[in-house]
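[1] After the sequence you'll find the predicted model.
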Amino acid sequence: MSQLSNGEKEMMNIFHHFKLVEGKGIMYQNIRAVQDKYISPPNIKKIPELINNLITQGYITYEKKTSNWFFLTKKGEDYLYGNKLNERESQSNHKQIIINNPKNVAIDSSGFSQNHTEELKNEKDDV
């Protein structure tokens, strides 16, 4: 895995600022709007070069029609969030099941409680 330069790391922080995940993007104007917050003065002049480097290394991609939109790739997401994003999604799904299941009824892989699954089977038999 290639090491990112300081400027490239600063640029990736902009993608983190906008909480982007794989496939989500920002416009070049959005990068310019927050550049002073994330990119050191010597690297501001290098923004186009930094973007090209990140594209070449596979961290971001761009819309070929306008070249104005930049999208985070899976590699870019992994760099920014590592496994933390997957862990958060897993925890969120688990919490949702608990919230939607206050009586702690057993839930099968389809997300239905055993009682609800039986009710659906009975409805099919009645038809």
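    Sure, I can see it. Numbering: from 1, shown residues only.

[2] Quick check: Thr75 is in a helix.
    That one is not Thr; residue 75 is Lys. Yes: Lys75: assigned to a helix according to DSSP: H, G, I helix; E, B strand; the rest coil.

[3] which non-adjacent residue is nearest it?
    In space, and not counting its chain neighbours, Lys75 is closest to Gly58: 4.8 Å by C-beta to C-beta, 6 or more residues apart in numbering. In short, each C-beta sits where N, CA and C put it, glycine included.

[4] mind checking pLDDT for Ser109?
    pLDDT for Ser109: 44.

[5] how's this protein carved up into domains?
    6-81, 93-126 (automatic domain parsing).

[6] What is the end-to-end distance of the longest one?
    Think domain 6-81. 18 Å (C-alpha to C-alpha, to the nearest Å).

[7] Start from the N-terminal end of this structure and give the strands.
    Shown for the chain, the strands assigned by DSSP state E span residues 25-27, 60-62, 69-72.

[8] Could you say which of these is packed most deeply?
    Among the strands of the chain, strand 69-72 has the highest mean neighbour count (mean count of other C-beta atoms under 10 Å), at a mean of 20.

[9] and that strand, what does it pack onto?
    strand 25-27, helix 28-38, strand 60-62 (3 or more C-beta pairs under 8 Å, 6 or more residues apart in numbering; DSSP states H and E).

[10] Can you add mean pLDDT and give these back as a markdown table?
    Below are the helices and strands packed on strand 69-72 laid out as a markdown table (pLDDT from 0 to 100):
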| stretch | mean pLDDT |
| --- | --- |
| strand 25-27 | 95 |
| helix 28-38 | 96 |
| strand 60-62 | 95 |
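
[11] now those as CSV including distance to Leu50?
    Output for the helices and strands packed on strand 69-72, formatted as CSV (distance: least, C-beta to C-beta, whole Å):
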stretch, distance to Leu50
strand 25-27, 14
helix 28-38, 10
strand 60-62, 10
